[in-house]
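sequence-free structure coming up:
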């Protein structure tokens, strides 16, 4: 038994069985719809149900509130169809020819910068690994669990994969990375995964917004733009609590000389005297709003915590005239790596 799911306004249709989520069914049908955490924590896949009914699984109240549910919205990563269904998803693309693979990799290099580990992974020489700037991989752990990390290098440099891993207090995998993992160790991963990427059909100016290690997919996007000669204007706001959180500050500053039309704005929310910071302060999205009060003709690509994504989306749509469909996001959820609370 299966139900027919229709995505509006595009009209794409696929079958969904009662025991799979709408996101899983769409992926199986070769359709890419916006998502990030896949466990109901971030809200990236929130969508209005236009007709039909769903059974909503376990999720975070911050990702889908009671008011959202009353207004007819659901989370596609944890909703299962209970009838034929129509939902509104404005950003839909086809999976294309890039295959998802399960591969071994060797830890080539580990560089610790405060609470962020920069990891380089060497792939098998016999494998050609393809991905789109903005995508991520899942590490496959011995206990059957997964840990997701965005790819920080551009697709034009596929021989090594660069990841930025923040140490999570109590995090099982990140503790292993910081305390036990060594160069030349072997890991296994699946990828590429994720729907976060530039809208290649648009010529609108691009605004990039990152918090903490949300920098990683932005780095991939910017360096791919440099490699391909992308001429769309780009402005990048990178927010952190302190100077140490901007762990590749000089690399980001150098993009201004390498990419015509690129501007970089670092922002600290809680700078200390030791930071000797003379740049912008406050929250990154507030700096963005001050500089660009009218975003009606722009696209925004945001990466960071679910709270940061929600705050930025709401503020930019409400106060800067940003169209809802012009806000693209990748929310980083750490709940899967920590012990249950």
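Yes, it's here. Being a predicted model, the structure only gives us computed values, none of them experimental.

for the record, mean pLDDT for stretch 198-205?
For stretch 198-205, the mean pLDDT works out to 91.

how far away from the center of its chain is that stretch?
Here stretch 198-205 shows a centroid-to-chain-centroid distance of 17 Å under the convention Cα atoms, centre = their mean, to the nearest Å.

distance between the ends of it?
Counting by Cα to Cα, to the nearest Å, you get 11 Å between the two ends of stretch 198-205.

report the buried residues of it.
If you call a residue buried by 16 or more other Cβ atoms under 10 Å, then stretch 198-205 has these buried ones: 198, 204. All C-beta atoms are positioned from the backbone trio N, CA, C, and that covers glycine.

and the contacts of that stretch?
With Cβ atoms under 8 Å, 6 or more residues apart in numbering as the test, stretch 198-205 has contacts from 91, 133-134, 206, 221, 232-235, 297-299, 301, 326, 328.

do a quick rundown of the strands in the stretch 51-200 of the chain.
For the stretch 51-200 of the chain, the strands defined by DSSP state E, counting those that start in this stretch occupy 54-56, 73-75, 79-81, 85-88, 93-94, 101-113, 116-122, 136-140, 146-150, 160-166, 186-193.

separate out the buried members of the contacts of stretch 198-205.
Buried subset of the contacts of stretch 198-205 (neighbour count, 16+ other Cβ under 10 Å): 91, 133-134, 206, 221, 233-235, 298-299, 301, 326, 328.

neighbours around residue 242, how many?
Residues lying near residue 242 (other Cβ atoms under 10 Å) number 15.

how much space separates the residue nearest to it when sequence neighbours are not counted from residue 304?
Nearest non-adjacent residue to residue 242, counting by Cβ to Cβ, 6 or more residues apart in numbering: residue 275, 5.7 Å away. Separation of residue 275 from residue 304 (Cβ to Cβ, to the nearest Å): 20 Å.

ok, those two, which is more surrounded?
More neighbours surround residue 304 than the other of residue 275 and residue 304, with 25 against 17 (other Cβ under 10 Å).

where does the stretch 51-200 of the chain have low pLDDT?
Applying pLDDT under 70 to the stretch 51-200 of the chain flags residues 95-97.

apply 90 and report the result again.
Residues of the stretch 51-200 of the chain meeting the criterion pLDDT under 90: 57-65, 90-100, 125-128, 142-145, 157-159, 170, 193-196, 199-200.

cool, and the stretch 201-341 of the chain?
201, 306-307, 310, 324-325, 329-341.

tell me the two of the contacts of stretch 198-205 that are most distant?
133 and 297 (22.8 Å; Cβ to Cβ).

still on that earlier bit, closest to residue 2 among the contacts of stretch 198-205?
Nearest to residue 2 among the contacts of stretch 198-205: residue 91, at 24.3 Å, using Cβ to Cβ.

distance check, the closest residue to that closest one other than its chain neighbours against residue 314.
Spatial nearest neighbour of residue 91, chain neighbours left out: residue 34 (5.2 Å); criterion: Cβ to Cβ, 6+ apart. Distance of residue 34 to residue 314, computed by Cβ to Cβ: 17 Å.

and residue 172, by the same measure?
Counting by Cβ to Cβ, the gap between residue 172 and residue 314 amounts to 33 Å.

all helices of this protein, in order?
Shown for the chain, the helices assigned by DSSP state H span residues 22-28, 66-70, 172-179, 215-228, 249-258, 284-291, 306-319.

out of those helices, deepest packed?
Mean neighbours per residue, mean count of other Cβ atoms under 10 Å, is largest over those for helix 215-228, with a mean of 23.

ok, now which ones touch the residue sitting furthest away from the middle of the chain?
Centroid-distance maximum for the chain: residue 1 at 33.5 Å, with Cα atoms, centre = their mean. Counting by Cβ under 8 Å, 6+ apart, residue 1 touches 17-18.

so how far is residue 81 from the closest residue to residue 158 other than its chain neighbours?
The shortest distance from residue 158 to any non-neighbouring residue, by Cβ to Cβ, 6+ apart, is to residue 129 (5.4 Å). To residue 81, residue 129 is 34 Å away according to Cβ to Cβ.

of these two, who's got more company?
Neighbours were counted for residue 129 and for residue 81 using other Cβ under 10 Å; residue 81 has more, 24 against 21.

contacting residues around the more buried one?
Residues near residue 81 by Cβ under 8 Å, 6+ apart: 3, 5, 16, 18, 22, 25, 52-54.

now it: how far from residue 65?
Counting by Cβ to Cβ, the gap from residue 81 to residue 65 is 22 Å.
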